[in-house]
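S.K.: Kindly generate the corresponding structure for this input.
(one chain, ligands or ions: 1)
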Amino acid sequence: MAFESLSDKLQNIFKGLRGKGRLTEDDVKAALKEVKMALLEADVSFKVVKQFIKTVTERAIGQDVLNSLTPGQMVIKIVNEELTNLMGSETTKLKLLPDNEITVIMMMGLQGAGKTTTTAKIAGKLKGSGKKPLLVACDVYRPAAVEQLQINGDKQGVPVFAMGTNHKPVDIARAAIEHAKKNNNNVVILDTAGRLHVDEDMMNELIEIRDNIDITQTVLVVDAMTGQDAVNVATQFNEKIGIDGIIITKLDGDTRGGAALSIKAVTGKPILYVGMGEKLSDLEQFYPDRMASRILG
Ligand code: GDP
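M.R.: Numbers count the residues shown, from 1 in each chain. Coordinates of the predicted model:
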């Protein structure tokens, strides 16, 4: 389950704090030291943990907290607020143009991150909200990827535009937008090719699409289970291509939560959605405050 081990640890630490009644500065410091360990064990980026503990300590070691009637509760509240801030403080939604314009979303990510599945999940959500999405198979390396998009598009009742594997992705994208204009589709979602690792060719291909197509936003899909690797991948994509939003998949299987907790703080880019399972309905809007409360139990 998402964040399970981190959540267990934090809840234990705070149980001790809550049960104590009056707290000294040393009590708070000792508890925050344990929080620090728990976050590091959850694979949260070291820099992020350091800054987080510093901020929480500054807020928690004031007389107004220590002399309050429920100091334990107040420390927990501060941790909750700062965890929320870490993950983005407010909810960021997918940017969509008005219905009479075509929104173009470029999906990016490493192979296996869950990009194709997530693309279809988003298409389903958009369709549900009255948009007319068109999925576009821009992966010209793996015929199986094109086929998978087709299958998922069919499941969602969303059309899929494909031109096989003999065209350049940027040309497929261009043709897809023309197709969208003719067929009244107002959201074009480009499912680009993923590789096993970040490489020059992949980046150049994405840059070519970005520079020649009027992209409304770029969305990076990363796998929560890869922890800090996901954060590193996001940093590289952001530097080379520029990302507008992030989707973290497989959070359902990530008991640690390091990627979800660090990625916004490290890249400055918001998490839009989280993938919570393999089914095409398992995509949730990301609410930093709810996620923080879920972690603290
Ligand atoms: P791509 O190579 O990035 O396009 O990845 P796929 O979309 O093919 O997904 C790779 C695997 O991850 C598939 O088995 C998906 O069912 C699975 N997957 C994708 N998103 C999630 C998720 O949120 N949770 C879980 N548990 N599995 C997921």
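S.K.: How many neighbouring residues does the residue nearest to Asp27 when sequence neighbours are not counted have?
M.R.: Spatially, and ignoring its direct neighbours in sequence, Asp27 is nearest to Lys20 (6.4 Å; C-beta to C-beta, 6 or more residues apart in numbering). For glycine as for every other residue, the C-beta is placed from the backbone atoms N, C-alpha and C. Lys20 has 13 neighbouring residues, counting by other C-beta atoms under 10 Å.
S.K.: so Lys20 touches Gly72, yeah?
M.R.: Yes - at 6.1 Å, Lys20 counts as touching Gly72 under the criterion of C-beta atoms under 8 Å.
S.K.: before we move on, the earlier item: now the residue nearest to Asp27: phi and psi?
M.R.: phi -80, psi -20 (degrees, to the nearest 10).
S.K.: For the closest residue to the ligand within the chain, which residues are in contact?
M.R.: Nearest residue of the chain to the ligand, counting by C-beta to the nearest ligand atom: Gly275, 2.4 Å away. Residues near Gly275 by C-beta atoms under 8 Å, 6 or more residues apart in numbering: 114, 117-118, 121, 224, 247-252, 282-283.
S.K.: what bridges to the closest residue to it other than its chain neighbours?
M.R.: Once flanking residues are discounted, Gly275 sits nearest to Thr249: 3.4 Å by C-beta to C-beta, 6+ apart. Beta-bridge pairing for Thr249 (DSSP bridges): Asp223.
S.K.: correct me, but Thr249 touches Gly114?
M.R.: Yes - shown here, Thr249 and Gly114 form a contact pair, counting by C-beta under 8 Å, at 3.5 Å.
S.K.: The closest residue to Asp191 other than its chain neighbours: how many residues sit nearby?
M.R.: Nearest residue to Asp191, sequence neighbours excluded (C-beta to C-beta, 6+ apart): Thr119, at 4.6 Å. Each residue near Thr119 was counted by other C-beta under 10 Å, and the total is 31.
S.K.: Would you confirm that Thr119 contacts Pro133?
M.R.: No - in this structure Thr119 lies outside contact range of Pro133 using C-beta under 8 Å: 9.6 Å.
S.K.: what do those two both touch?
M.R.: Ile189.
S.K.: interface residues of the stretch 151-297 of the chain facing the ligand?
M.R.: For the stretch 151-297 of the chain, the residues in contact with the ligand (C-beta under 6 Å from any ligand atom) are Gly194, Thr249, Lys250, Asp252, Gly253, Gly275, Met276, Gly277, Glu278, Asp282.
S.K.: quick one: pLDDT of the residue of the chain closest to the ligand?
M.R.: If you check Gly275, the pLDDT there is 98.
S.K.: and if you look at Ala120?
M.R.: 97.
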